[in-house]
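Asker: Sequence first, predicted coordinates after that:
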Amino acid sequence: MAITMTGHYQGELRTHLHHLPSKVQIITDAPPDNHGRGEAFSPTDLVAAALSSCMMTLMGIVAQREGIDLGGMTSEIEKIMASNPRKIAEIRITFTHPNLHATDVQKQKLIHAARTCPVALSLSENIRQEIQFNF
């Protein structure tokens, strides 16, 4: 098993993550409502962002295969936390592509790909995924 990422606790509720193959680094902070500084993504922010990114990636695979240009697609991500216990209760994502040139069948393929991305399928069924597609 090859190690692909490392993590280091830097103190004051901040972590430093390093993706070894790409050398990309990420810092996380606890949010202000959980004793942190909120100066970077929180770990739960990364979960919500990962869902959006995974969905866009899978839609991108379908788009390449179908000859669809997804360039310019955006997402707006909202993470809703539960308090007792503290956990992600819901992730809301709105994908928008105002000039998407695709048939209705192709749009359904894009939506299906998004909803069946590995992150979406890996999240607990207790986390509500409210996903909108504006295209």
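Answerer: It's in.
Asker: I'd like the distance between residue 60 and residue 83.
Answerer: In this view, residue 60 and residue 83 are 36 Å apart by Cβ to Cβ, to the nearest Å. All C-beta atoms are positioned from the backbone trio N, CA, C, and that covers glycine.
Asker: so residue 28 sits in a helix?
Answerer: No. The assignment for residue 28 is strand, going by DSSP: H, G, I helix; E, B strand; the rest coil, so no helix is present there.
Asker: who touches it in this structure?
Answerer: Under the criterion of Cβ atoms under 8 Å, 6 or more residues apart in numbering, the contact list for residue 28 reads 14, 15, 17, 40, 41, 42, 43, 45, 46.
Asker: what about the strands in this protein?
Answerer: For the chain, the strands defined by DSSP state E occupy 5-11, 14-19, 24-29, 74-83, 86-96, 128-134.
Asker: Neighbour count for residue 60 and residue 83, which is higher?
Answerer: Neighbour comparison, residue 60 and residue 83: the larger count goes to residue 60, with 16 against 8 (by other Cβ atoms under 10 Å).
Asker: surely the more buried one meets residue 70?
Answerer: Yes. In this structure, residue 60 is within contact of residue 70 by Cβ atoms under 8 Å, at 5.6 Å.
Asker: Domain parsing of the chain, as residue ranges.
Answerer: 5-34, 43-134 (automatic domain parsing).
Asker: returning to what we had before: and the strands of the chain, which is most packed in?
Answerer: With neighbours defined by mean count of other Cβ atoms under 10 Å, none of the strands of the chain is more surrounded on average than strand 86-96, at a mean of 17.
Asker: list the helices and strands that strand packs on?
Answerer: On a contact count with 3 or more Cβ pairs under 8 Å, 6 or more residues apart in numbering; DSSP states H and E, strand 86-96 meets helix 43-66, strand 74-83, strand 128-134.
Asker: what about 10 Å?
Answerer: Based on contacts counted as 3 or more Cβ pairs under 10 Å, 6 or more residues apart in numbering; DSSP states H and E, the elements that strand 86-96 packs against are helix 43-66, strand 74-83, helix 104-115, helix 118-122, strand 128-134.
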